[in-house]
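Enquirer: Provided below for reference: sequence and predicted model.
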Amino acid sequence: MTATVLFVTGTGTEVGKTAVTAAVTALAPSVAVLKPGQTGVTATEPGDAEEVVRLAGPHVTIRELARYPDPLAPDTAARRSGLPTLRPQQVAAAVAELADAHRLVLVEGAGGLLVRYDADGHTLADQALATAALGLPVQVLVVASAGLGTLNTTALTAEALRSRGLDTLGVVIGSWPAEPDLATRCNLTDLPRAADAPLLGALPYGAPHSPDFATLAKSFLAPPLGGSWDAIAFTAAHPA
């Protein structure tokens, strides 16, 4: 079985990475989700991987490599707690193991693409490169916010990916407001240009609180992610 590996990164914190990961997971028949470094939760609290199961359903395999209690970047949180940091090769090895038994492996990062995971400054991008070095097909899905300011952070993320030779599958808006303002509506046209990649979905604000999230996921995401969402029709429905 040749698995596809999709690293899910955000343009910052709280942009909807976990919800987007769950939506992709809900539409995949053979899928594993890896959370390399979970921060901001105690040993007994549910983390992002458990949230994916809650939203997408029990068919998903989840794995977490490290957990740190402070809600900080993984390197900082590890240092404060005295726990070991994560090396890119550890993450790549875990991805390869999951890829042996699943058709899709999603790796959800912490914060943005260049958040540090260890004292040497290794990032999610380094984890993706280490995974690709094992011969696995790796792409990156960028989760962006909807409103003013998102074009800059999306462009910076895209530039960092290109400079490292990492392929961007597309960009998904993690939380689309019920009443989008002018900047938000314009971003439907401008985000793909900033990302240099197609717009592949938009999750409605509050979607993670819907009891029908797994069923509705198809309407949130475009066909390359298993859904039926149409970027052209969605943009036309929200004219600027």
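Expert: Done, it's in.

Enquirer: Any figure for the gap between the residue most central in space within the chain and Val115?
Expert: Most central in the chain under Cα atoms, centre = their mean is Val8, positioned 2.5 Å from the mean C-alpha point. With distances taken as Cβ to Cβ, to the nearest Å, Val8 is found 13 Å from Val115. Backbone N, C-alpha and C define where each C-beta goes, glycine included.

Enquirer: Quick check: neighbours shared by the two?
Expert: Gly109 (Cβ atoms under 8 Å, 6 or more residues apart in numbering).

Enquirer: residue boundaries of the strands in this protein?
Expert: 4-10, 31-39, 61-68, 104-112, 138-144, 168-176, 199-204 (DSSP state E).

Enquirer: Dump those strands to TSV, plus mean pLDDT and distance to Arg79.
Expert: Shown next, in TSV, are those (pLDDT from 0 to 100; distance: least, Cβ to Cβ, whole Å):
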stretch	mean pLDDT	distance to Arg79
strand 4-10	97	22
strand 31-39	97	12
strand 61-68	97	9
strand 104-112	96	14
strand 138-144	98	27
strand 168-176	98	29
strand 199-204	98	33
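
Enquirer: Next, the buried residues of stretch 180-193.
Expert: Pro180, Thr184, Arg185, Cys186, Asn187, Leu188, Asp190, Leu191, Pro192 (16 or more other Cβ atoms under 10 Å).

Enquirer: Leaving out sequence neighbours, find the closest residue to Trp176.
Expert: Ala202 (4.2 Å; Cβ to Cβ, 6 or more residues apart in numbering).

Enquirer: One more: Arg185?
Expert: Closest residue in space to Arg185, ignoring its immediate chain neighbours: Ala240 at 4.4 Å, by Cβ to Cβ, 6+ apart.

Enquirer: Dihedrals phi and psi, the closest residue to Asp181 other than its chain neighbours?
Expert: When the adjacent residues along the chain are set aside, Asp181 lies closest to Gly147, with 6.9 Å between them (Cβ to Cβ, 6+ apart). Per-residue torsions, Gly147: phi -100, psi -160 (degrees, to the nearest 10).

Enquirer: ok, now which ones touch Gly147?
Expert: Pro177, Pro180, Asp181, Ala183, Thr184, Asn187.

Enquirer: so which of these comes closest to Gly121?
Expert: Asn187 (30.8 Å; Cβ to Cβ).

Enquirer: Excluding residues flanking it in the chain, which one is nearest the closest one?
Expert: That would be Thr150: by Cβ to Cβ, 6+ apart, it lies 6.0 Å from Asn187.
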